[in-house]
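A.B. asks: Here is the input, now give the coordinates:
(one chain, ligands or ions: 1)
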Amino acid sequence: MATVLEKTHPPFRNEPVRTFSDPAERAAQAAAIERFLAQSERRYPIIIGNERLTPEPAVPSVTPAEPTRYAGWYYEGTPQLADRAIAEAEKAFASWSKVPWEERADLLFRAAAAMRARKDDFNASMIVEVGKPWVEADADTAEAIDFLEFYAREALRLGGRQSIVPSPLPEDNWLEYLPLGVGAVLPPWNFPLAIMAGMTTAAIVTGNTVVLKPSPDSTIIAAGFVDLLIELGLPAGVVNFLPGGADVGERLVEHPRTRFVSFTGSMAVGLHINEVAAKPREGQVWIKRVVAEMGGKDAIVVAADADLDAAADGIVASAFGFSGQKCSAASRAIIEEPVYDALKAKVLERIAKLEVGDPVESANVAVGPVVNEKAHQRIQRAIARALEEGGRVAAGGKAADRAGYFIEPTIVENVTPEKTLAQEEVFGPVVAFIKARDFDEALTIANGTKYGLTGGLFSRDPAKLERAAREFHVGNLYLNRKCTGALVGVHPFGGFNMSGTDSKAGGHDYLLLFVQAKAIARKR
Ligand code: NAD
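C.D. replies: Residues are numbered from 1 along each chain as shown. Purely as a prediction, here's the structure:
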């Protein structure tokens, strides 16, 4: 039976992503970027409970395409403020956990509507603060809206008494989902709106309260989202906004009153958090739940019978979209030998047409900057190491010749499966081209890393597609299409092995990670 609220909301549908081919859409987006840049001196406070804190000095959020430009200023938290934020979240939990599910879901529905009305502004914050190309920014905002719409509907499904097998005894029995408590939400910067908003709202719609510590690279984007929730009536203390670095994050993870940790980021940090959270602290009365979604070394396999144009399109889109800074990005192309040269030529043709530049300046930029100076250095080091280990540059291979943190779209070939570039995540526009003798070997190479997030196969042979469906060990497998661009609800997302806990964000199982089930039996 559909609940009243379910009936008032149509079935979930993904928010469309715009291409900006319409001049009016382009003009509106350009105007929003101007508006956002005009606010670059704005200061965004820490928010703990009802308080707005501004512990000087404020920190500028530097934009990666132009490091002398700022997206805004924020204030850094401390471990002491983390303690205060947890205390406020715990205070708010007492009432928020009792707010009816429908009311909490309604906040998400209203946030989705408000965000839809202000898409250009949210896009602008991402285009400026992390250098996202326009279409990618629009897809990020659309995904954030999708998470709000999807999790709101999921909450309506999970709220109230759940049907279970009726008792054979003279008693009534039922099961209810209860929130967990206070959560630490630690998102990455690469889907700075969608993942941050999805992680935060999944936790609060189920009745938990959180301390949101955004990534230092995308603090202003997160501040914009928290402002939106507050404007819509989010009670004080339900989402506490505490920017800062690893020290603040770590304190949130180890705090004895933290009930769960929702983390998305790198493998090294995720594993560390898992370890820190596992240790019970003085006064702690639960095992902390850790949701940790981590990195990938995602491969696209191209079989000898593949449509090579489709495969080349898929590789270029998956490897260089948002400069390869996606956990789902293809960072290995594993190609059957007979079609290696032909496929490479097609990929090179397409790379030559990619416009590299500052997305603030043009809607046509396909490859923007990488996120910061550290990433710029790290990616160049990874390329240098690949060359030392015998790799050969087939495209790009260096920092682009302009100010800002740009790296040319890069292919390194002559990479064998055990080499560092074939094993370690780079998180930049760098793809290793790996030759395979045949399909068997290609699949073995594809499965031969510690990760297991996304994967792709291009082939016209139904038997190979079937085999990949069974044997390609990844959380998200894509056949004859790019391996990025998971849609909420349509492609529940999360990886195997060291790619994480396979939480399947945007899927029907996700909200269960933020609740505990209570079974009740009452004698008649
Ligand atoms: P990161 O691990 O550096 O940081 C992630 C978050 O953790 C940030 O908020 C950071 O400030 C915080 N943090 C860092 N050290 C901490 C500590 N010791 N204790 C607590 N918190 C700490 O990752 P990033 O650079 O922001 O993001 C890129 C990574 O995220 C890549 O590895 C990418 O593959 C991964 N990622 C995975 C998914 C997925 O769904 N699997 C999605 C997006 C990104």
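A.B. asks: Please identify the helix or strand for V316.
C.D. replies: Mapping V316 onto the secondary structure by DSSP states H and E places it in helix 308-320.
A.B. asks: Kindly export that helix (C-alpha atoms) in CSV.
C.D. replies: These are the backbone C-alpha positions of helix 308-320, laid out as CSV (Å, rounded to 0.1, in the frame of the first residue of the first chain):
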residue,chain,number,x,y,z
LEU,A,308,36.1,0.5,-32.1
ASP,A,309,34.5,3.9,-32.6
ALA,A,310,32.2,3.3,-29.7
ALA,A,311,35.1,2.0,-27.6
ALA,A,312,37.2,5.0,-28.4
ASP,A,313,34.3,7.3,-27.4
GLY,A,314,33.9,5.3,-24.2
ILE,A,315,37.5,5.5,-23.2
VAL,A,316,37.9,9.2,-23.9
ALA,A,317,34.7,10.1,-22.0
SER,A,318,35.6,7.8,-19.1
ALA,A,319,39.3,8.7,-18.8
PHE,A,320,39.2,12.5,-19.3
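A.B. asks: Quick one: list the elements packing against it.
C.D. replies: strand 298-302, strand 330-336, helix 340-352, strand 430-436, strand 454-458 (3 or more CB pairs under 8 Å, 6 or more residues apart in numbering; DSSP states H and E). From N, CA and C alone the C-beta is placed, and that goes for glycine too.
A.B. asks: 7 Å instead, please
C.D. replies: Helix 308-320 is packed against strand 298-302, strand 330-336, helix 340-352, strand 454-458, with contacts defined by 3 or more CB pairs under 7 Å, 6 or more residues apart in numbering; DSSP states H and E.
A.B. asks: Can you point out the buried residues in the longest one?
C.D. replies: Neighbour-count burial for helix 340-352, counted by 16 or more other CB atoms under 10 Å, picks out 340, 343-344, 346-347, 350-351.
A.B. asks: List of residues touching it?
C.D. replies: Residues from elsewhere that reach helix 340-352 (CB atoms under 7 Å, 6 or more residues apart in numbering): 302, 308-309, 311-313, 315-316, 335, 394-395, 409, 411, 433, 435.
A.B. asks: 8 Å instead, please
C.D. replies: Identification of contacts with helix 340-352 by CB atoms under 8 Å, 6 or more residues apart in numbering yields 302, 308-309, 311-313, 315-316, 320, 333, 335, 394-396, 409, 411, 413, 433, 435.
A.B. asks: filter those to the buried ones?
C.D. replies: Those of the contacts of helix 340-352 that meet the buried threshold are 302, 308, 311-313, 315-316, 320, 333, 335, 394-396, 409, 411, 413, 433, 435, by 16+ other CB under 10 Å.
A.B. asks: could you give the angle of the helix holding V316 to strand 330-336?
C.D. replies: Between the axes of helix 308-320 and strand 330-336, defined by axes from the mean of the first three to the mean of the last three CA atoms, to 10 degrees, the angle is 150 degrees.
A.B. asks: Is there any residue in helix 308-320 that contacts the ligand?
C.D. replies: No. For helix 308-320 and the ligand, the contact criterion (CB under 6 Å from any ligand atom) is not met; the two come no nearer than 13.5 Å.
A.B. asks: got the contact list for the residue of the stretch 51-200 of the chain found nearest the ligand?
C.D. replies: When distances are taken as CB to the nearest ligand atom, the stretch 51-200 of the chain reaches nearest to the ligand at P188, 3.1 Å away. Shown here is P188, whose contacts under the criterion CB under 8 Å, 6+ apart are 195, 215, 264-266.
A.B. asks: Against I221, how distant is the residue found closest to Q325 once you drop the neighbours it is linked to in the chain?
C.D. replies: In space, and not counting its chain neighbours, Q325 is closest to N190: 4.9 Å by CB to CB, 6 or more residues apart in numbering. Here the distance between N190 and I221 works out to 11 Å (CB to CB, to the nearest Å).
A.B. asks: what's the overlap in contacts for these two?
C.D. replies: V130.
A.B. asks: ok, these two, which is more surrounded?
C.D. replies: Between N190 and I221, counting by other CB atoms under 10 Å, I221 is the more crowded of the two (30 against 23).
A.B. asks: That one contacts M196, correct?
C.D. replies: Yes. Taking CB atoms under 8 Å as the contact criterion, I221 and M196 are neighbours in contact, 7.3 Å apart.
A.B. asks: Find residues that contact each of the two.
C.D. replies: With contacts defined as CB under 8 Å, 6+ apart, the residues shared by I221 and M196 are P214.
A.B. asks: so Y478 sits in a strand?
C.D. replies: Yes. If the criterion is DSSP: H, G, I helix; E, B strand; the rest coil, then Y478 is within a strand.
A.B. asks: Start the count at 15 instead of 1 going forward.
C.D. replies: Sure, I'll start numbering at 15, so the last one becomes Y492.
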